[in-house]
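Q: got a structure for you, letters missing:
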């Protein structure tokens, strides 16, 4: 599962954080159009962070560590 797919799943699950943006604010040009809004919302909420090289690499397969970290960040947001 890609990082973008997991961001979309969390955003769909949350349902409260729905925002849209006009331009792609990320360094990658490889973000699928369907993932723009979820990626933006999850990044803005601090759930999805970029990689050390300033990319989000959303098309890359999410590692177990990345999935756990995103899920942890998401649960902390929900519990607040």
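A: Cool, got the structure. Predicted model only: the values in this text are computed from it and were never measured.

Q: Give the buried residues for the longest helix along the chain.
A: As assigned by DSSP state H, the longest helix anywhere in the chain is helix 64-79. Buried residues in helix 64-79, counting neighbours by 16 or more other Cβ atoms under 10 Å, are found at 66, 70, 73-74, 77. All C-beta atoms are positioned from the backbone trio N, CA, C, and that covers glycine.

Q: residues in contact with that helix?
A: With Cβ atoms under 8 Å, 6 or more residues apart in numbering as the test, helix 64-79 has contacts from 1, 3, 6-7, 10, 13-14, 42, 45-48, 62.

Q: between the lowest-mean-pLDDT helix or strand in the chain and helix 64-79, how big is the angle?
A: One helix or strand of the chain scores below all others by mean pLDDT, DSSP states H and E: helix 36-44, with a mean of 84. Relative orientation of helix 36-44 versus helix 64-79 (axes from the mean of the first three to the mean of the last three Cα atoms, to 10 degrees): 80 degrees.

Q: Please state the offset of helix 36-44 from the chain centre?
A: 5 Å (Cα atoms, centre = their mean, to the nearest Å).

Q: Please identify the buried residues of that helix?
A: Within helix 36-44, the residues that qualify as buried are 36-43, counting by 16+ other Cβ under 10 Å.

Q: Which other helices and strands does that helix contact?
A: helix 3-14 (3 or more Cβ pairs under 8 Å, 6 or more residues apart in numbering; DSSP states H and E).

Q: what comes up buried for the helix it packs on?
A: By 16+ other Cβ under 10 Å, the buried positions in helix 3-14 come out as 3-8, 10-11, 14.

Q: other SSEs contacting that helix?
A: Under the contact criterion of 3+ Cβ pairs under 8 Å, 6+ apart, helix 3-14 touches helix 36-44, helix 64-79.

Q: and residue 52, which of those is closest to it?
A: Residue 52 lies closest to helix 64-79 among those, at 12.8 Å (Cβ to Cβ).

Q: what angle separates the closest one from helix 3-14?
A: Relative orientation of helix 64-79 versus helix 3-14 (the same axes, to 10 degrees): 20 degrees.
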